[in-house]
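In: got a predicted model here, sequence first, then my questions.
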Amino acid sequence: MTDATSQMVDREGLIELDVGHDVRDSPRFNEDIAPTQVSERTWSKWNIAALWVGMSICIPTYTLGGVLTAYFGLSVGEALFAILLANIIVLIPLTLNAFPGTKFGIPFPVVLRSSFGILGSNVPCLVRALVGCGWFGIQTMFGGLAIHLLLATIFPPWQALGGMGEVIGFFLFGAMNLYVVIRGAESIKWMETLAAPLLLAVAVGLMFWAWPHMSMTELLAQPPSRPEGAPVYGYFFAGLTAMVGFWATLSLNIPDFSRFAKSQKDQIVGQVLGLPMTMFFFAALGVVLTAASESLVGQTVADPVTLIGMINNPFWVAVAMILIVIATLSTNTAANIVSPTNDFQNVAPKWINQTRGVLLTGLIGVLLMGYDLMQTAGIIPAGVSLEQMYSNWLLGYSSLLGPIAGIMAVDYFLVKKQRLDVPSLYMDNRAYPAVNAAGFIAFGVPVALTLLSLLTGTMNWFYNYGWFTGSALGAIIYYVASVALASSSQVGPAPAMASEATESR
């Protein structure tokens, strides 16, 4: 029988919530964003590492080296170093912001209720959700292209469909993504764990295939595209910021996954094992394959789907396209659907459950890609490429999401001192305000400075280094504002926690 009052229970350092009628009947609660029970926290360090391998091996990662050399003026060596360094740096907010998810079993939107308020959390949630929906659309375009090429290989008349075949592939691939996430966290865990070793093996195989067809010495000796004699640091740090921004999204919503981790050690070790070297290796693979493409297919091709599609062997093309579909599926489901799904539920938990959140994510992703779908289908002339679009996003959205990452870490570790009143996070008018002014001040100031930089052309450094400037300024302002507004942001004593010995399960 469910008690009227919810109770927090300490299970050897992991806190779970016995949900009573007070929380269950609250308009801020549903079962899909409820805290996980300790028995549900089954992800080991290897599952977390597999999650990151599955998310990192994707087409955008493959093209990062080209983005840094073409758009940021770096040499190949500088670009690869920037990618490695950025993914070591981004481990800091990833591991820090994963802590409350692991300890309390709560997802990203509920963690945000502590720093932005019960209702105020919807603003940063929807910012994050919109970015996720956009990336969902972009990745689905890549997956749709792979399905189109696969079907054209198996059934040659399909190739006559051209761009319309890619559009059909887009919707087929999107439906596959939505199905996996609707089935829940265990489905994602199973898929990522299965895909990770397979994708790593394929990546190594592609590296061996391409290596004899290019000279790494000549590649590293190529001069950068920036003006001759220009100092490297400005270009390098702009590129570094963009690469950190690549995972700026996950540095926020990592609690969506860490709430299933067995322990803090598992989430930390798993992320360290799975992220930096996988990103570096697959980005390096993209550089090597692009350089080797002239020898392999007679022209320089930066897109792996197009490159593999040019191989004159239908069997290997079909196998490669299946693997690309798996790689893109493993990235898209975890990185781009889970967070928007939870974020949309946060707006109206009693009306939007996980299934409806997934479908809403898919719908918005399709709408955001409408222009590109019409270009692909030949309805309107081709314009900006996908590569140009997402490379511009890397700086733009990192400027928006950086402050949120800093605010979350400072709120949990310095302001709340790793203590959260979990029942109150699911109820109105309790320990947390509807809107936390400190959170919005700390978020609003960096965003305002970013807009000022863009509109006036001044303080270009603030925008160019947006994730670093935004996260640092957001963190400092939040701490100062929280101290100044202590009466409205301070959490009261957490409810008494039943001991493991006296609590029946």
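Out: Structure's in. What do you need? Numbering: from 1, shown residues only.

In: contacts, neighbours, all on C-alpha from now
Out: OK.

In: ok, then the element right after the longest helix seen in the chain?
Out: For the chain, the longest helix by residue count, based on DSSP state H, is helix 122-154. Counting by DSSP states H and E, the element after helix 122-154 in chain order, helix or strand, is helix 163-182.

In: related to what we said a few turns ago, just give me how far the longest helix of the chain sits from the chain centre.
Out: Centre-to-centre, helix 122-154 and its host chain are 12 Å apart (Cα atoms, centre = their mean, to the nearest Å).

In: name the helices or strands packed onto it?
Out: Counting contacts by 3 or more Cα pairs under 8 Å, 6 or more residues apart in numbering; DSSP states H and E, helix 122-154 is packed against helix 108-116, helix 163-182, helix 304-309, helix 314-332, helix 338-347, helix 354-368, helix 386-410.

In: ok, which of those comes nearest Arg430?
Out: Checking these against Arg430 by Cα to Cα gives helix 108-116 as the closest, at 11.5 Å.

In: now tabulate the helices and strands packed on helix 122-154 in a markdown table and tack on mean neighbour count and mean pLDDT.
Out: Formatted as a markdown table, those follow (neighbours: other Cα atoms under 10 Å; pLDDT from 0 to 100):
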| stretch | mean neighbour count | mean pLDDT |
| --- | --- | --- |
| helix 108-116 | 29 | 97 |
| helix 163-182 | 20 | 92 |
| helix 304-309 | 19 | 77 |
| helix 314-332 | 21 | 84 |
| helix 338-347 | 28 | 95 |
| helix 354-368 | 20 | 93 |
| helix 386-410 | 23 | 72 |
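
In: burial count for Phe237?
Out: By other Cα atoms under 10 Å, the residues close to Phe237 number 18.

In: typo on my end, it should be Gly13
Out: Gly13 has 12 nearby residues by other Cα under 10 Å.

In: and for it, nearest residue in space, chain neighbours not counted?
Out: Lys103 (7.1 Å; Cα to Cα, 6 or more residues apart in numbering).

In: what about the helices in the stretch 201-350 of the chain?
Out: 216-221, 232-246, 250-253, 255-258, 264-274, 276-297, 304-309, 314-332, 338-347 (DSSP state H, counting those that start in this stretch).

In: export these to CSV and append columns for distance to Glu166.
Out: Output for the helices of the stretch 201-350 of the chain, formatted as CSV (distance: least, Cα to Cα, whole Å):
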stretch, distance to Glu166
helix 216-221, 33
helix 232-246, 26
helix 250-253, 28
helix 255-258, 32
helix 264-274, 32
helix 276-297, 22
helix 304-309, 12
helix 314-332, 13
helix 338-347, 25
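
In: of those, which is nearest Asn47?
Out: helix 264-274 (7.3 Å).

In: same question for the closest one: list its buried residues.
Out: For helix 264-274, burial by neighbour count (16 or more other Cα atoms under 10 Å) applies to Gln264, Asp266, Gln267, Ile268, Val269, Gly270, Gln271, Val272, Leu273, Gly274.

In: please apply the same query to stretch 65-78.
Out: 65-69, 71-78.

In: so what touches it?
Out: 79-80, 83, 219-220, 222-226, 232, 235-236, 238-239, 283-284, 286-287, 302, 387, 391 (Cα atoms under 8 Å, 6 or more residues apart in numbering).

In: ok, of the buried residues of helix 264-274, which one's closest to Leu194?
Out: Gly274 (14.3 Å).

In: check what pLDDT the closest one gets.
Out: On pLDDT, Gly274 comes in at 95.

In: in contact with it, which residues?
Out: Contacts of Gly274 by Cα under 8 Å, 6+ apart are Ile48, Ala49, Ala50, Leu51, Trp52, Val53.

In: inside helices: which ones of those?
Out: Ile48, Ala49, Ala50, Leu51, Trp52, Val53.

In: in CSV, list the residues you listed along with pLDDT and distance to Thr341.
Out: Formatted as CSV, those follow (pLDDT from 0 to 100; distance: Cα to Cα, whole Å):
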residue, pLDDT, distance to Thr341
Ile48, 96, 20
Ala49, 95, 23
Ala50, 93, 22
Leu51, 94, 18
Trp52, 95, 19
Val53, 92, 22
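
In: nearest to Arg259, out of those residues: which one, please.
Out: Nearest member of the ones in helices among the contacts of Gly274 to Arg259, counting by Cα to Cα, is Ile48, at 11.3 Å.

In: hang on, isn't that closest one packed against Asp266?
Out: Yes: Ile48 lies in contact with Asp266 (Cα atoms under 8 Å); the separation is 7.5 Å.

In: hang on, Met427 is in a strand, isn't it?
Out: No: according to DSSP: H, G, I helix; E, B strand; the rest coil, Met427 belongs to no strand; its state is coil.

In: still on that earlier bit, what subset of the contacts of stretch 65-78 is buried?
Out: 79-80, 83, 224, 226, 235-236, 238-239, 283-284, 286-287, 302, 387, 391.

In: which residues touch the residue most central in space within the chain?
Out: In the chain, the centroid-proximal residue (Cα atoms, centre = their mean) is Leu250; its distance is 3.6 Å. By Cα under 8 Å, 6+ apart, Leu250 lies in contact with Leu94, Ala335.

In: repeat that for the one 3 residues further on.
Out: Remark: with contacts taken as Cα under 8 Å, 6+ apart, Asn253 is in contact with Pro107, Phe108, Pro109, Ser339.

In: check Gly474 too.
Out: Gly402, Pro403, Ile404, Gly406, Ile407, Ala442, Phe443, Val445, Pro446.

In: cool, and Pro255?
Out: Contacts of Pro255 by Cα under 8 Å, 6+ apart are Asn97, Ala98, Phe99, Pro100, Gly101, Thr102, Gly105, Ile106, Pro107, Phe108, Val111.

In: quick one: the last one and Pro100 touch, right?
Out: What it means is Val111. Yes: in this structure, Val111 is within contact of Pro100 by Cα under 8 Å, at 7.1 Å.

In: what does Asn312 show for phi and psi?
Out: phi -90, psi 60 (degrees, to the nearest 10).

In: no, scratch that, I was asking about Met369
Out: phi -100, psi 10.

In: Trp43 now?
Out: Torsion angles, degrees, to the nearest 10, at Trp43: phi -80, psi 120.

In: hang on, it packs against Lys262?
Out: Yes: at 5.6 Å, Trp43 counts as touching Lys262 under the criterion of Cα under 8 Å.

In: and for those two, which residues touch both?
Out: If you check Trp43 and Lys262 against Cα under 8 Å, 6+ apart, no residue is contacted by both.

In: test my guess that Ile308 contacts Val317.
Out: Yes: taking Cα under 8 Å as the definition, Ile308 is a contact partner of Val317 at 6.2 Å.

In: on that earlier part again, angle of the helix or strand in which the residue nearest to Gly13 is found against helix 108-116?
Out: Secondary structure assigned from DSSP H and E places Lys103 in helix 91-104. Calculated by axes from the mean of the first three to the mean of the last three Cα atoms, to 10 degrees, helix 91-104 forms an angle of 100 degrees with helix 108-116.

In: could you number the chain from 4 rather than 1 from now on?
Out: Sure thing, new numbering starts at 4, so read that last one as helix 94-107.

In: give me the contact list for helix 94-107.
Out: 16-19, 38-39, 109-111, 114, 253-255, 257-267, 270-271, 274-275, 408-409, 411-412, 415, 421, 425.

In: point out where the chain drops to low pLDDT.
Out: Low-confidence segments of the chain (pLDDT under 70): 4-6, 380-402, 490-508.

In: many thanks, I have nothing further to ask.
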